[in-house]
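J.: Structure for this input, please:
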Amino acid sequence: MAQLHPAHRLCCWLLAVIAVQSLSGLPLALAFGLVPLAGRAVVARWARLAWRARWLLLSLLAVLAWGVAGEPVRADGGAWVPTWEGLGEGLTQLGRLLLVLAAVALLLETTPVERLMAGCHVLLRPLAAFRLDVDRAVVRLSLALHYAARMPKGGWKHLLDPDPNGEAPAEVTLALPPATVADWTALAAALVATAVVLVA
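T.: Numbers count the residues shown, from 1 in each chain. Coordinates of the predicted model:
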């Protein structure tokens, strides 16, 4: 995947995210065993992403655990205890989101921002027919990734603090190599794999 065309790489990533949404139970648990195969750098970035999203993940788990009707974990607990069905649904959704974050970590760790933006430019180009300024959209996305990667110490509370080293890049360069047979083969394989997962 390291040499894939940026647009094909993004398409494969999107297909993986779609496939993850159908996983549950044992297949979902087994999918986590594939994450360490991506390497230490990807796992470390994944851990940072998951830590930043911890309150969102915990909130999702709590909402589903207590919000889905079913059999209470304790018969005498009433509305104060979660349901087994809610816990099952919450853990499933939590696992899916964690796998999506792993896919994000893999994409960001293995794809330079310039190639990522080039792929986005290709995929957004058809929207120019609807008067979307694709160049401006890609530049804004590039700036968003630039600042997101430089989260200040102390978290979101310090986002508005002046940062003398946080200057935006003066220009965004898009280097777009031609697509090859290997790119189309990888995309076709990703489509087949996603279809198999969704049908299973």
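
J.: Select the helix or strand of the chain having the lowest average pLDDT value.
T.: helix 134-148 (a mean of 77; mean pLDDT, DSSP states H and E).

J.: For that one, which helices and strands make contact with it?
T.: With contacts taken as 3 or more Cβ pairs under 8 Å, 6 or more residues apart in numbering; DSSP states H and E, helix 134-148 sits against helix 113-124. (Each C-beta comes from the backbone N, C-alpha and C, glycine too.)

J.: And the contacts of the helix it packs on?
T.: 5-11, 107-108, 111, 132, 134-135, 137-138, 141-142, 145-146, 172-176 (Cβ atoms under 8 Å, 6 or more residues apart in numbering).

J.: One more: stretch 7-27?
T.: 1, 4, 31, 92, 95-96, 99-100, 103, 106-107, 111, 115-116, 118-120, 122-123, 179, 183-184, 186-187, 190-191, 193-194, 197-198, 200.

J.: what do you get if the cut-off is 7 Å, keeping everything else the same?
T.: Residues outside stretch 7-27 that contact it (Cβ atoms under 7 Å, 6 or more residues apart in numbering) are 1, 4, 31, 92, 96, 99-100, 103, 107, 111, 119-120, 122-123, 179, 183, 186-187, 190-191, 193-194, 197-198.

J.: picking up where we left off before, just the buried members of the contacts of helix 113-124?
T.: Listed as buried from these are 5-11, 107-108, 111, 134, 138, 141-142, 172, 174; burial here means 16 or more other Cβ atoms under 10 Å.

J.: just those: which has the poorest pLDDT?
T.: Among these, residue 172 carries the weakest pLDDT, at 64.

J.: Can you name the residues that contact residue 185?
T.: For residue 185, the set of contacting residues under the criterion of Cβ under 7 Å, 6+ apart is empty.

J.: same deal with residue 177?
T.: So residue 177 contacts residue 5 (Cβ under 7 Å, 6+ apart).

J.: of all the buried ones among the contacts of helix 113-124, which comes closest to residue 47?
T.: Distance ranking of the buried ones among the contacts of helix 113-124 against residue 47, using Cβ to Cβ, places residue 108 first at 13.3 Å.

J.: Show the model's pLDDT score for the spatially most central residue of the chain.
T.: For the chain, the residue nearest the mean C-alpha position is residue 104 (3.7 Å; Cα atoms, centre = their mean). For residue 104, the pLDDT comes out at 93.

J.: tell me which residues in the next helix or strand after the least confident helix or strand of the chain are buried?
T.: The helix or strand immediately downstream of helix 134-148 is helix 181-199, counting by DSSP states H and E. For helix 181-199, a neighbour-count test (16+ other Cβ under 10 Å) marks 183, 186, 187, 190, 194, 197 as buried.
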